[in-house]
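K.L.:
Structure, please.
(3 chains)
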Amino acid sequence: MSLTLREIAALVGGTLTGDGHIVITGANIIRDATRGEITFAEGEQALKQLASCSASAVLVAESTATTTLPQIQVPQVHAAFAKIVTHFRPAPRSLRRGLSPAAHISPTARLAEDVEVAAGVTIGDDVEIGAGCTIHSGVVIMSGARIGAGTTIFPNCVLYEHTIVGPECILHAGSILGAYGFGYSFASGRHEISAQLGYVELGPRVEVGAATTIDRGTYGATYIGEGTKIDNQVMIAHNVRLGKHNLICSQVGIAGSSSTGDYVVLAGQVGIRDHVHIGHRAKIGAKGGVMNDVPADAVYVGIPAGPEREYFQSLIGLTKIPQMRKEFKELKRKVAQLEEGSEGERRGEAA
Amino acid sequence: MSLTLREIAALVGGTLTGDGHIVITGANIIRDATRGEITFAEGEQALKQLASCSASAVLVAESTATTTLPQIQVPQVHAAFAKIVTHFRPAPRSLRRGLSPAAHISPTARLAEDVEVAAGVTIGDDVEIGAGCTIHSGVVIMSGARIGAGTTIFPNCVLYEHTIVGPECILHAGSILGAYGFGYSFASGRHEISAQLGYVELGPRVEVGAATTIDRGTYGATYIGEGTKIDNQVMIAHNVRLGKHNLICSQVGIAGSSSTGDYVVLAGQVGIRDHVHIGHRAKIGAKGGVMNDVPADAVYVGIPAGPEREYFQSLIGLTKIPQMRKEFKELKRKVAQLEEGSEGERRGEAA
Amino acid sequence: MSLTLREIAALVGGTLTGDGHIVITGANIIRDATRGEITFAEGEQALKQLASCSASAVLVAESTATTTLPQIQVPQVHAAFAKIVTHFRPAPRSLRRGLSPAAHISPTARLAEDVEVAAGVTIGDDVEIGAGCTIHSGVVIMSGARIGAGTTIFPNCVLYEHTIVGPECILHAGSILGAYGFGYSFASGRHEISAQLGYVELGPRVEVGAATTIDRGTYGATYIGEGTKIDNQVMIAHNVRLGKHNLICSQVGIAGSSSTGDYVVLAGQVGIRDHVHIGHRAKIGAKGGVMNDVPADAVYVGIPAGPEREYFQSLIGLTKIPQMRKEFKELKRKVAQLEEGSEGERRGEAA
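P.N.:
Purely as a prediction, here's the structure:
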């Protein structure tokens, strides 16, 4: 599978500078590339890192000046590098094999043309699956669920009853849609489970990360808007409503009935309390704890989360406290001295 | 499936005010309800929100004054609304189908009457399952586990060896009971796994959320008390012992050997260090980090967690620092001036 | 299965003090042990707790003075106690049953001798599995993955395409290796998924906790070094590179392209931002948020994480603010008084 640098330049339609006879055996990022491999560099910092990289060649943008390594210039660095990586580690054949005889499919389920259902999948009564979907092994789709066309569901996902998944969604392994919300009423010393009659609905092109859980609504939908991308291990509680094109990073938790506008970004490990709204395009910094509504376009950080600038001022203030306490002590001493002096004077005057 | 408002009033045994001929096609919460749907309103705020809600009718409590919408008054708003929602979106038929021929059940497992085991379930040697249990697809119950009567285990849960689950428990999809504790001893530059001989035990009516993990004890049980409810993505480490009727919210982590009393509430993303005890009825606020024992009835917040009042005082203090620093500078200037003055006087006197 | 204390002493090769005829019916930790059971005590605190423990006998180290309970002294307390526990609750028979006929194994997969594959496992094309591996029910191993000899994969794990697992690894239930990284480029108002061509690679003797997720690299490996142990519900993002013998506690999140040296410890719920490096032997305290590189041997805590000492000084400072504000007010009053006095004098002088 090894290629000469000249062959790689041809593969990606790039401009070669340096020895085209060099044999390239793999492709790797700067941090990991070793002798015989080609890497890529984009941006000042990456170009500097080339100095300590043992790659044998480098892929760069057309505008980049000549580097110390044999190089290939291309218009789209990432697209070209992806092509090279794919040459060295080809994608697995994705044979479409249709419905596995080892899948458990209810006779009342309705599957469109060209649906791929792997071994060990369970599909319940009255489930509908759109054209071109791929359902990997171990997925369980409970009764009444509906999956839009072109959606991929990776292994061991679970869709509870009545879940609705839009077209062209990706659900990563182990994600769980539609478990009961965490809602209880307290009576006679016990927590009694409340109504769990709702469902989960994902708009088109939503992506859900591995081991992420989205609970059903109490009476209606927990809803995720079109194009919103959710990372791994995110928890979205009952009745939540996310807008379009949000980015929800890993390990975020959103409590019951909260909502977001469009283009919202929640960084890793953020927590959102229940019944608050995050406005359009707002961003919450990593580990932030949101206790109140966040206005559109705001950047909030901290616990409780507030405007970024105030937070950093508080942080700086916090680091100044020890020095301030020291100076404060000194100032108290001085004032005491002054008081003594002025008292002495007064007493002197009185004498 | 649509009903007139009068028919709905009859369905829930409520008192109708307004036009009973209105046709209702669905039921939804205030935020999501559209024309033709009935909603419900409970409490001041909800009643205010009705003004901007496009629902065609509303369900309210008997004591509520007449609203601007056609309304039905009932004694129990939630119970009545649940009935209406269920009319419009009936629960899936829960046919009891018995033991699926596509389940893998050890010949030494002992299953009581009326146990439902779906396709793709694996049940190991010597497992015992009580009457009326429902085991959904993809669940793996390893050898020696015992499940009490009336328990439901949703898809793709895993119960390691010797796990004990009480009666009438609910385990949501992807929850994992009995994985090894994170205990290692360090020798010759390596972490060597310690004894993993214990198991997990859930009391009666415990509920476990989706993708929650409860690790086995080192030698004995990791124990969850009767009636305790655990949300999604909670991590409970080896040897932990939770009391009765706790509420453990999403993404909480409880480290090894810690314990709680009864009626404890841990809000979302709380972390509890190892070997601490949380007293009866104590509450820990969201994202709190508990480093020491918490007394009964306490409300703790913050990292490290402390009494709520102290925490909020500190928070307020923190926001005052920038202003305080400014005033402090001014005060130092004044004192310097005063010192100069008094020195001048002393010098004057000396002269 | 009950034994006399004398029989237990013989079982563990220990020295008996007290009545050897006592009948022992079980073994439990101090907190949980009841009458008729044997417990163990190691260290001052545990010995004190014996006073309020209802165990009928105790296992102690050879150096320990006589306790109030009948006791057995042994050189290795934990090893001996593990033996006793195992007597009372024997490990499940781990019959090697070979390849289950109810497993779905691609004809192009290559399995070494003595591989155990349970019912409901799916193994894709070109997968390689080394000698002596155990693959539990519901595991899905996608095409091109390679598993080293002696590795155990617990139920319902998912290994995406091309995942590499070293020898003697343990993957706990529900862990997911190789899902797509959370990388998007933004164009025409949409987030477009970036290249997802890499894979996950675990070195030898790596352990991965239940429901932990490790995403694939963008072009190459997300790599976990030899002997590193990862707890439950940990999230490791694309392109991360962990060193050898790390301990990564529960619910930690490590963002894209970050890396660690050897013997690093990350406590529970820590978050590491993207593109930072944690030096050899560094420790990050629970819930810490790492925003920048951490030097070797450092102990960092807090959000943002910094040296432990500075953090605790800030914390102490924070608690002093209310008192400081009070004293500050008083000081301002005094200075104002002094100013008035000196002004009076000046006026007096001027007069």
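
K.L.:
Report the closest residue of chain A relative to chain B.
P.N.:
Across chain A, no residue is closer to chain B than residue A:317, which sits at 3.2 Å (CB to the nearest CB). Bear in mind the C-beta positions are built from the backbone N, C-alpha and C, glycine included.

K.L.:
Doesn't that residue belong to a helix?
P.N.:
Yes. With the criterion set as DSSP: H, G, I helix; E, B strand; the rest coil, the secondary structure at residue A:317 is a helix.

K.L.:
Am I right that it is in contact with residue B:318?
P.N.:
Yes. Taking CB atoms under 8 Å as the contact criterion, residue A:317 and residue B:318 are neighbours in contact, 6.7 Å apart.

K.L.:
Spatially, which residue comes closest to residue A:34, not counting chain neighbours?
P.N.:
residue A:54 (5.5 Å; CB to CB, 6 or more residues apart in numbering or on different chains).

K.L.:
Likewise for residue A:281?
P.N.:
Residue A:281 sits nearest to residue A:263 (CB to CB, 6+ apart), 4.6 Å away.

K.L.:
Identify the element of secondary structure that the one you found sits within.
P.N.:
Here residue A:263, judged by DSSP states H and E, is contained in no helix and no strand.

K.L.:
For it, list the residues it contacts.
P.N.:
For residue A:263, the contacting residues are A:243, A:244, A:245, A:246, A:280, A:281, by CB atoms under 8 Å, 6 or more residues apart in numbering or on different chains.

K.L.:
Equivalent analysis for residue A:6, please.
P.N.:
Under the criterion of CB under 8 Å, 6+ apart, the neighbours of residue A:6 are A:16, A:20, A:21.

K.L.:
Can I have the buried ones of these as a PyMOL selection?
P.N.:
Command for PyMOL, covering only those of the contacts of residue A:6 found buried under the criterion 16 or more other CB atoms under 10 Å in any protein chain shown:
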select buried, chain A and resi 16+20
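
K.L.:
Among the contacts of residue A:6, name the ones in strands.
P.N.:
With strands taken from DSSP state E, the overlap with those comprises residue A:16.

K.L.:
for residue A:88, what are its contacts?
P.N.:
With contacts defined as CB under 8 Å, 6+ apart, residue A:88 is in contact with A:1, A:25, A:26, A:27.

K.L.:
distance of it from residue C:158?
P.N.:
Plainly put, residue A:88 is 25 Å away from residue C:158 if you go by CB to CB, to the nearest Å.

K.L.:
And residue A:78, how far from residue B:11?
P.N.:
Taking CB to CB as the measure, residue A:78 falls 59 Å from residue B:11.

K.L.:
Neighbours of residue A:64, how many?
P.N.:
Applying other CB atoms under 10 Å in any protein chain shown, we find 18 residues neighbouring residue A:64.

K.L.:
Repeat that for residue A:96.
P.N.:
When counting by other CB under 10 Å, one arrives at 9 neighbours for residue A:96.

K.L.:
Show the contacting residues for it.
P.N.:
The neighbourhood of residue A:96, defined by CB under 8 Å, 6+ apart, consists of A:114, A:116.

K.L.:
among the contacts of residue A:263, which ones are buried?
P.N.:
Buried residues within the contacts of residue A:263, defined by neighbour count using 16+ other CB under 10 Å: A:243, A:244, A:245, A:246, A:281.

K.L.:
Just the closest of the residues you listed to residue C:251, please.
P.N.:
Nearest to residue C:251 among the buried ones among the contacts of residue A:263 is residue A:246, at 22.4 Å by CB to CB.

K.L.:
pLDDT at residue A:327, what is it?
P.N.:
At residue A:327, the model reports a pLDDT of 83.

K.L.:
hmm, back to that, tabulate the contacts of residue A:6 (TSV), appending distance to chain C and pLDDT.
P.N.:
Below are the contacts of residue A:6 laid out as TSV (distance: CB to the nearest CB, whole Å; pLDDT from 0 to 100):
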residue	distance to chain C	pLDDT
A:16	21	96
A:20	23	95
A:21	24	96
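
K.L.:
any idea which of the contacts of residue A:6 is closest to residue B:32?
P.N.:
residue A:16 (58.8 Å).

K.L.:
List the residues that contact the residue nearest to residue A:317 when sequence neighbours are not counted.
P.N.:
With sequence-adjacent residues excluded and distances taken as CB to CB, 6+ apart, residue A:317 is closest to residue B:321, at 3.2 Å. Contact partners of residue B:321, counting by CB under 8 Å, 6+ apart, are A:314, A:317, A:318, A:320, A:321, C:321.

K.L.:
same thing but 10 Å
P.N.:
For residue B:321, the contact set (CB atoms under 10 Å, 6 or more residues apart in numbering or on different chains) comprises A:313-321, A:324, B:328, C:317-318, C:321, C:324-325.

K.L.:
Emit the ChimeraX select command for whichever of those residues are buried.
P.N.:
ChimeraX command restricting those to the buried ones, with burial defined by 16+ other CB under 10 Å:
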select /A:313,314,315,317,318,320,321,324 /B:328 /C:317,318,321,324,325
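
K.L.:
for the contacts of residue B:321, which one is nearest residue B:295?
P.N.:
Nearest to residue B:295, judged by CB to CB, of the contacts of residue B:321 is residue C:318 at 22.0 Å.

K.L.:
hey, what's in contact with both of residue A:317 and residue B:318?
P.N.:
Where contact means CB under 10 Å, 6+ apart, the residues bridging residue A:317 and residue B:318 through contact with each are C:317, C:318, C:321.

K.L.:
Kindly calculate the angle that the helix or strand bottoming out on mean pLDDT in chain A makes with helix C:308-350.
P.N.:
One helix or strand of chain A scores below all others by mean pLDDT, DSSP states H and E: helix A:308-350, with a mean of 79. Calculated by axes from the mean of the first three to the mean of the last three CA atoms, to 10 degrees, helix A:308-350 forms an angle of 40 degrees with helix C:308-350.
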